[in-house]
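Novice: Sequence plus the predicted model coming up.
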Amino acid sequence: MERKDWEHVGMVAGGVVLGLAARAFLKSRTMEKAMVSTTAAALRAQKCAEESSASFQAKADDIVAAAREQNRLWEKEAASEAAEKKAAQAPVEDKAE
């Protein structure tokens, strides 16, 4: 066998040994405690993110409502200005005759 073939055999054997060691390590009590702690921290982070999301959604709803109200007032003002402009352009009848 060539050197390249032996490298492949060595890689496979190393992977098997590493896999067996990792399996034993993952079954250990220390690793179980670490996984439980990590999962608990992830769940706390998820809860915090959900609360922040709800707060942001409520704030966004308030902003959208205020923007709609502002647009409604602006449209009302623009309509009244257009009516005033149209009334000012209408010909004035002379009632003195």
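Specialist: Here it is on my side, so go on.
Novice: center of the protein - which residue?
Specialist: residue 53 (8.0 Å; C-alpha atoms, centre = their mean).
Novice: next SSE after the helix or strand of the chain with the lowest mean pLDDT?
Specialist: Every helix and strand in the chain was compared by mean pLDDT, DSSP states H and E; the lowest is helix 3-26, with a mean of 85. Using DSSP states H and E, the helix or strand that follows helix 3-26 towards the C-terminus is helix 29-89.
Novice: Please state the mean pLDDT value computed over that next one.
Specialist: The predicted model gives helix 29-89 an average pLDDT of 91.
Novice: Now do that helix: distance to the chain's middle.
Specialist: Remark: helix 29-89 is offset 12 Å from the chain centroid, using C-alpha atoms, centre = their mean, to the nearest Å.
Novice: Next, the angle from that helix to helix 3-26.
Specialist: With axes from the mean of the first three to the mean of the last three C-alpha atoms, to 10 degrees defining the directions, helix 29-89 sits at 90 degrees from helix 3-26.
Novice: picking up where we left off before, can you list contacts of the least confident helix or strand of the chain?
Specialist: Residues outside helix 3-26 that contact it (C-beta atoms under 8 Å, 6 or more residues apart in numbering) are 1, 31. C-beta here means a position set from N, CA and C on the backbone, and glycine is covered the same way.
Novice: returning to that earlier point: quick check: the residue nearest to the centre of the chain vs residue 60, distance?
Specialist: Distance, residue 53 to residue 60, using C-beta to C-beta, to the nearest Å: 10 Å.
Novice: what's the answer for residue 17, then?
Specialist: 54 Å.
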